[in-house]
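**Student:** What follows is a protein structure lacking sequence information:
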């Protein structure tokens, strides 16, 4: 199995398990009792039916239509795969739905229509108008995509938006506004060449004309060269819109003296001599993916006065549609717009351009592995993980809709609307991407004691390929190599450490005997442990500095692996925590894996460790010390223990925001806490929940995972002097990758602290 085949298997596994697909439908109302059912369906449902029949716009009040977008395709131009048909396009449409939900909290039904004939497709989609608040057309081949969108806009009274056209165009326009400013150029006089005459190219030129570009300064090229007024071959009505009166015939002709080059074609289209022929201080948008028309380093090697954007995340200035479509639809839906018109598109572009000129929060820079981001040649387009996007783009779109008459309700008050939008942020996605990018910034050596395990091998491959760490696989070299070959994982960059062949094995044996000899471990036992116990061997690698961190546990019970770690690696009081993503909220729970019955002093140490972990992740910790009792309501020794811990914390760490003892509902519901205990010192709902014993902590996180369907990362082991992260038995490769990133981040922080 090749590496590509291994990735293919992982991709198929991801989409198939634990249940097929990437999306589902969840009810938003209780349906537990007979009364619930009578309200949800008959006879209660008759009331909104009557209301909507009498006043159709109330459908937005009584149904999901106000927040529902149809992502619709016929599968004729899917990614780079071409005309694969509607059924094969479904994974892509589901993926688009995930982005809508994650970035802007918009619900999606994906519809794959078996209709290559444009008229059939148009008629099918138009008849679905009562279902949706907006339509996102996707992966429809040119030139039919133009006619389809135009016809649907004319027939439907809700926004219809072909993202392959307008999404790309809006982000290009946003970047070009800023690039022109940086290069001292004016859009009205700039000579612009667009390489690629498909949907994105045509839509981009249309939007740039609306932005102020002059048609006589535009040149459109396709595989036959310049689209000019005298050309007859392969010139449809949409290309003809930009057929220029010019003597230029070839790409070389068009590029001579151009100020701006926009590539929406294929990789490698631009060569050194093309770049050399451009006007002084040129702007290049090389947006073909995965291979740009020219790589930034190659363009900069030709001349140092250009600025460049690509479609790739590993270069500055990424033109990424996710900067646009979720937030554009958010603004359009919130004013119940009839369309997404040109003015709304320009408003989105200008908002993105303005955001890039604002001071960038440290959390955004940290998420992208840089010390600082500032407006300039390497940053003139906002980053996709900038949490401010949802507060900048939707209000601009909503306001433009109101000003142009596209809105059917008034635009929300700006400040209140921005605060409302901030509450929709998916902070879980932002946080995990931040952890991954920090790890990628300075990879460390991570040792995996279960190096023969197939899950570990797939995880190590991902860790290596994503540049998170240098994986060290402990095990029998022959077995590991055989299984790498079977899994299609290249051994390049994966270091195999076979204890039987390890040159320093006698030193390891002597160190272990010194550590544990007075705990009953004989020299013979130490020799046996180092040769046959890969976990003790891996722990010794970390202790002696031959590895920076340890991650394991997929085929062993947690306690079995924790014990030797504590015996070999220096530590303070150790605790286990889980990070749980519950809807849009993030909670840290502890202790969930280690201490059965912690003392009040132990709980104070746990709170300090949790406070440090959460702050390191860029969040403000609000700690609730949980109990069955609220603020002295019980004289039980268990409740008293928690009260004592809170008192110790208030005295020793007045800077920490911590409160208790308190019940869990009061901790997570701020209105309840304020109503019942207004004296409590939490500024908002708690995001760190610390339990009085292991029974409560372990049960709580497992119930949230399996009944509350929370996503969990962890357990995160805190208190070790060198990072050890033990995943739970049966963990997935993704779990191992996540904990590897956490372990690398711990090493980085320790180095930073000296």
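**Tutor:** Here it is on my side, so go on. Not measured: the values here are computed from a predicted model. Numbers count the residues shown, from 1 in each chain.

**Student:** make it CA atoms for all contacts and neighbour counts henceforth
**Tutor:** Fine.

**Student:** Count the neighbours of the closest residue to residue 155 other than its chain neighbours for me.
**Tutor:** With sequence-adjacent residues excluded and distances taken as Cα to Cα, 6 or more residues apart in numbering, residue 155 is closest to residue 126, at 6.7 Å. Using other Cα atoms under 10 Å, residue 126 has 18 neighbouring residues.

**Student:** hang on, residue 126 packs against residue 158?
**Tutor:** No: in terms of Cα atoms under 8 Å, residue 126 does not count as a neighbour of residue 158; the distance is 10.1 Å.

**Student:** sorry, back to before: list phi and psi for the residue nearest to residue 155.
**Tutor:** Note on residue 126: backbone dihedrals following degrees, to the nearest 10 are phi -60, psi -30.

**Student:** same check, this time on residue 312
**Tutor:** Main-chain dihedrals, residue 312, degrees, to the nearest 10: phi -100, psi 150.

**Student:** So for it, what's the pLDDT?
**Tutor:** Among the per-residue scores, residue 312 shows a pLDDT of 89.

**Student:** Kindly report the same for the one 4 residues further on.
**Tutor:** According to the prediction, residue 316 has pLDDT 91.

**Student:** show me what contacts it?
**Tutor:** 309, 310, 378, 379 (Cα atoms under 8 Å, 6 or more residues apart in numbering).

**Student:** check which helix or strand covers the first one.
**Tutor:** Read it as residue 309. Assigned by DSSP states H and E, residue 309 belongs to strand 307-310.

**Student:** Next SSE downstream of that strand?
**Tutor:** Once the chain leaves strand 307-310, the next helix or strand it forms, by DSSP H and E, is helix 325-334.

**Student:** hmm, who's touching that next one?
**Tutor:** 66-67, 99-100, 103-104, 106, 133-134, 159, 163, 167, 339-340, 345, 348, 389-390, 393-398, 401, 407, 411.

**Student:** what is the rounded mean pLDDT of it?
**Tutor:** Helix 325-334 comes out at a mean pLDDT of 96.

**Student:** please begin residue numbering at 56 from this point
**Tutor:** Renumbered: residue one is now 56, and that last one reads helix 380-389.

**Student:** Give me the angle between the helix or strand that comes right after that helix and helix 380-389.
**Tutor:** Once the chain leaves helix 380-389, the next helix or strand it forms, by DSSP H and E, is helix 397-411. Following axes from the mean of the first three to the mean of the last three Cα atoms, to 10 degrees, one obtains 130 degrees for the angle between helix 397-411 and helix 380-389.

**Student:** my guess is residue 167 meets residue 147, correct?
**Tutor:** No: with contact defined as Cα under 8 Å, residue 167 does not reach residue 147; the gap is 10.3 Å.

**Student:** quick one, longest strand in this protein?
**Tutor:** Ranked by number of residues, the top strand in the chain under DSSP state E is strand 626-637.

**Student:** how far does that one sit from the chain's center?
**Tutor:** Counting by Cα atoms, centre = their mean, to the nearest Å, strand 626-637 is centred 23 Å from the centre of its parent chain.

**Student:** and what of stretch 488-505?
**Tutor:** 17 Å.

**Student:** Next, the buried residues of that stretch.
**Tutor:** Using 16 or more other Cα atoms under 10 Å as the test for burial, stretch 488-505 gives 489-496, 498-505.

**Student:** can you give me the strands in the stretch 556-705 of the chain?
**Tutor:** 604-607, 626-637, 640-645, 678-681 (DSSP state E, counting those that start in this stretch).

**Student:** To residue 658, which of those strands lies closest?
**Tutor:** Nearest to residue 658, of all these, is strand 678-681, at 8.5 Å by Cα to Cα.

**Student:** Sheet partners, orientation included, of the closest one?
**Tutor:** Here strand 678-681 is paired, per DSSP bridges, with strand 713-717 (parallel), strand 743-745 (parallel).

**Student:** rank these by pLDDT, which is bottom?
**Tutor:** Looking at the strands paired with strand 678-681, the bottom one is strand 713-717 with a mean of 90.

**Student:** quick one: low-confidence ranges for the protein?
**Tutor:** Scanning the chain with the threshold set as pLDDT under 70 gives 56-59, 61, 421-422, 424, 481-484, 809.

**Student:** How is it divided into domains?
**Tutor:** 58-213, 221-374, 378-480, 498-625+777-809, 628-775 (automatic domain parsing).

**Student:** Tell me who's in contact with the nearest residue to residue 138 once chain neighbours are set aside.
**Tutor:** Beyond its immediate neighbours in the sequence, the residue positioned closest to residue 138 (Cα to Cα, 6+ apart) is residue 131, lying 4.0 Å away. By Cα under 8 Å, 6+ apart, the contact set of residue 131 is 137, 138, 139, 140, 141, 171, 194, 195, 196.

**Student:** Residue 131 sits in which helix or strand?
**Tutor:** According to DSSP H and E, residue 131 maps onto no helix or strand at all.

**Student:** if we look at the one helix or strand residue 262 maps to, which residues are touching it?
**Tutor:** Assigned by DSSP H and E, residue 262 falls within helix 254-266. Residues outside helix 254-266 that contact it (Cα under 8 Å, 6+ apart): 196-198, 200-201, 219-221, 223-225, 227-228, 242, 249-250, 270, 273, 293-294, 319, 397, 401.

**Student:** Stretch 271-290 too?
**Tutor:** Residues outside stretch 271-290 that contact it (Cα under 8 Å, 6+ apart): 244-252, 260, 294-295, 297-301, 303-306, 309.

**Student:** Give me the subset of those lying in strands.
**Tutor:** Per DSSP E, the subset of those in strands is 247, 248, 249, 250.

**Student:** possible to save the residues you listed as a markdown table with neighbour count and distance to residue 98?
**Tutor:** Below are those laid out as a markdown table (neighbours: other Cα atoms under 10 Å; distance: Cα to Cα, whole Å):
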| residue | neighbour count | distance to residue 98 |
| --- | --- | --- |
| 247 | 27 | 62 |
| 248 | 24 | 62 |
| 249 | 26 | 59 |
| 250 | 29 | 60 |
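
**Student:** quick one: which of those residues is nearest residue 69?
**Tutor:** Distances from residue 69 to these, taken by Cα to Cα, are shortest for residue 250, at 35.9 Å.

**Student:** Distance check, that closest one against residue 627.
**Tutor:** For residue 250, the distance to residue 627 (Cα to Cα, to the nearest Å) stands at 61 Å.
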